[in-house]
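Asks: after the sequence you'll find the predicted model.
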Amino acid sequence: MTTSEIPREQKQKSPNLRRIVRILLQVVLMVAIFGALLWYVGIGSLYNALLNIKIEYLLLAFLMYFGINLLFTVRLRRVLSKDGVKTSFGKTLLAQYAGMLTSDVTPGRSGYILTPVYLRDQNVPTSKSLSSILGIQTIEFLVKVIGGIGAVIFLVEVVPAQNWSLFGTFAGINIGILVAGFGIALMLTGAILLAAFTWSQRAISLFDRIANSRLLKRFTGGLMGRLEEYKESANKTRRAIPEIAFLTAACWILKGFEWYFLGTALGITQIPWIGYFLIHPLVTALAFVPITPAGAGFQEFGIVGIFTTLLGVAAGSAVAFALLSRGLLIFEDLAGVPQIAKSTSSLFFSRKKPQEELAPAKPV
C-alpha cells in the first residue's frame, strides 16, 4: 500500500463512521424521549387505555388514512398530467406509499424526496416528477402554516388561562405559544425553501449543482436529469397550484376525521372535530424536526403536551393516541415495501447504468 492510498481510505471510512455515529445518536435520543413519555404516563395507564380501545373507530381512522393516500395519488397524477406525463393509478399509489414509508424513517421526513425514484418503472422523467413533488410539498407546507395559525387561535380561545400558565414563561412569553410559533415557523421556512427550489431560477441553479455533486450522483445514479428540463417542468407545475391546493385541503379534512375517529376509539371526547382538524398541522410540524427519524418522539411529546396540559385529556389516553397516530401510518405505509425493493434492485442491479439511460445518444 502506498502512502498516497492511505489518506484516500481514511477519507472513505471517516464519512461512514460519522454517519453511523449520527444515526446511533438519533436512535438513542428517540428512545430516550419515548422512554420519558412511558415513565410519565406509566405502563399500566397506557395498557388500560389500549385495552379499552373501540376497534370500529380505529378501523375508521385507518380508512381515513387510506382515503388520504388515494387523494395524494390523484394529486400527484394530476400534477404530472399537466406536464404531459401519463401514469397508472395503481403503480402511482404504490410509489406514494413507498415515498411515505421512506419519509417515516428519515430525519425531517426528507425521504419523500425519493418518490421520483419509485416512479421510474413508469418511465416518468425524474426532472418532471421532482418538480411535481417539490411543488406539491410547497403548497402542503403553506396549508399547514395556515392550519397551525388556526390551531393557536383555537387553543387560545378554548383553553382556560390557568392551563396556559402551567407551561411557564420565557422572556415574558408563554412557552406553549413559543413552541407553537416554532412549529409554524418551521413549516413556513420549509415552504419558502421548497418554493425557491421549485420556481426561483437562481435557487434551481444552486440545487442543480448540489444534486449533481459527486456524492449525490453516486447515490441517485445521476437521476436528477438536465437543469433545463427541470426548469421547464417547474414552470408547468405552477399551473397545477389550484388543484394542488384543493386536493391538499381535502386531505386535511380527512386527516381531521382520522384523528377524530382515533380519539373517539380511545374515549377522548372533550376534543371536537374542529380541534383535531386545527391541531394536527401544528403538532405534525414537529415531525419535520431533522433530529430523529420523522421527528419521532418530538411529535409525540407535542401531542401529549397539548392534550394533557391544555385540553385535560388523561395521560394514558394521550400517549396511546400519540403512539397509535404514528403506528397506523407506518403500518399502512408498509404497502410501499415491494415498490421500494423493486426500485432499489432496478437502480443498483440493472445492467444498464442510469447515466446511460439519461444521456443523449451521440451522433455516429
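Replies: Done, it's in. This is a predicted model, so every value here is computed, not measured.

Asks: which element is the closest residue to Leu247 other than its chain neighbours on?
Replies: Leaving aside its chain neighbours, Leu247 sits nearest to Arg75 (4.2 Å; criterion: Cβ to Cβ, 6 or more residues apart in numbering). All C-beta spots, glycine's among them, are computed from the backbone N, C-alpha and C. When elements are assigned from DSSP states H and E, Arg75 belongs to helix 55-82.

Asks: tell me the helix or strand right after that helix.
Replies: helix 89-104.

Asks: could I get the average pLDDT for stretch 258-265?
Replies: Computed over stretch 258-265, the mean pLDDT rounds to 95.

Asks: brain fart, stretch 37-53
Replies: 78.

Asks: ok, now stretch 118-127?
Replies: Here the average pLDDT along stretch 118-127 is 87.

Asks: helices of the stretch 151-300 of the chain, residue ranges please.
Replies: 161-165, 175-199, 201-211, 214-220, 227-237, 241-265, 273-283, 298-304 (DSSP state H, counting those that start in this stretch).

Asks: ranking those helices by mean pLDDT, which is last?
Replies: helix 214-220 (a mean of 49).

Asks: my read: Phe310 touches Leu155, true?
Replies: Residue 310: Leu, not Phe. Yes. Leu310 is within contact range of Leu155, at 6.0 Å (criterion: Cβ atoms under 8 Å).

Asks: run the chain-centre distance for the longest helix belonging to the chain.
Replies: For the chain, the longest helix by residue count, based on DSSP state H, is helix 5-41. When C-alpha coordinates are averaged (Cα atoms, centre = their mean, to the nearest Å), helix 5-41 and its chain have centres 21 Å apart.

Asks: that one - contacts with which helices or strands?
Replies: Applying 3 or more Cβ pairs under 8 Å, 6 or more residues apart in numbering; DSSP states H and E, one finds that helix 5-41 makes contact with helix 298-304, helix 315-333.

Asks: in whatever helix or strand comes next after that helix, what's buried?
Replies: Using DSSP H and E, the helix or strand that directly follows helix 5-41 along the chain is helix 43-51. For helix 43-51, the neighbour count (16 or more other Cβ atoms under 10 Å) marks Ser45, Leu46, Ala49 as buried.

Asks: who touches the second one in this structure?
Replies: Meaning Leu46. Leu38, Gly316, Val319, Ala320 (Cβ atoms under 8 Å, 6 or more residues apart in numbering).

Asks: what about 6 Å?
Replies: Gly316, Val319, Ala320 (Cβ atoms under 6 Å, 6 or more residues apart in numbering).

Asks: repeat that for the first one.
Replies: With contact set as Cβ under 6 Å, 6+ apart, Ser45 has these partners: Gly316.

Asks: any chance of JSON lines for the buried residues of helix 43-51, columns distance to Phe246?
Replies: As requested, these are exported to JSON lines (distance: Cβ to Cβ, whole Å):
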{"residue": "Ser45", "distance to Phe246": "42"}
{"residue": "Leu46", "distance to Phe246": "39"}
{"residue": "Ala49", "distance to Phe246": "37"}
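
Asks: closest to Gly90 among those residues?
Replies: For those, the minimum distance to Gly90 (Cβ to Cβ) is 37.2 Å, reached by Ala49.

Asks: is the closest one in contact with Ala320, as I believe?
Replies: Yes. Between Ala49 and Ala320 there is a contact under Cβ atoms under 6 Å: 4.0 Å.

Asks: wait, Thr248 touches Val143, no?
Replies: Yes. The criterion here is Cβ under 6 Å, and Thr248 meets it with Val143 at 5.0 Å.

Asks: could you measure the nearest residue to Ile33 once chain neighbours are set aside against Asn69, distance?
Replies: Nearest non-adjacent residue to Ile33, counting by Cβ to Cβ, 6+ apart: Gly297, 3.0 Å away. Between Gly297 and Asn69 the computed distance is 24 Å (Cβ to Cβ, to the nearest Å).

Asks: more neighbours: the two, which one.
Replies: Gly297 (25 against 20; other Cβ atoms under 10 Å).

Asks: any idea how far the more buried one lies from Asp104?
Replies: 14 Å.

Asks: do the same with Thr344
Replies: Relative to Asp104, and taking Cβ to Cβ, Thr344 is found at 16 Å.

Asks: kindly report the same for Met64.
Replies: 18 Å.

Asks: next one: Phe307
Replies: The value you get for Phe307 to Asp104, if Cβ to Cβ is used, is 22 Å.

Asks: comparing these two, which residue is more hemmed in?
Replies: Using other Cβ under 10 Å, the more surrounded residue of Phe307 and Asp104 is Phe307, with 25 against 20.

Asks: so the more buried one belongs to a helix, correct?
Replies: Yes. Counting by DSSP: H, G, I helix; E, B strand; the rest coil, Phe307 falls inside a helix.

Asks: so it makes contact with Ala318?
Replies: Yes. Counting by Cβ under 6 Å, Ala318 is a contact partner of Phe307 at 3.9 Å.

Asks: neighbours of the residue nearest to Gly256 when sequence neighbours are not counted, how many?
Replies: Nearest residue to Gly256 in three dimensions, chain neighbours excluded: Phe277, at 3.2 Å (Cβ to Cβ, 6+ apart). Residues lying near Phe277 (other Cβ under 10 Å) number 21.

Asks: verify the stated contact: Phe141 with Ala191.
Replies: Yes. With contact defined as Cβ under 6 Å, Phe141 and Ala191 form a contacting pair (3.6 Å).

Asks: so for these two, which sits in the more crowded spot?
Replies: Shown here are Phe141 and Ala191; by other Cβ under 10 Å, Phe141 has more neighbours (23 against 19).
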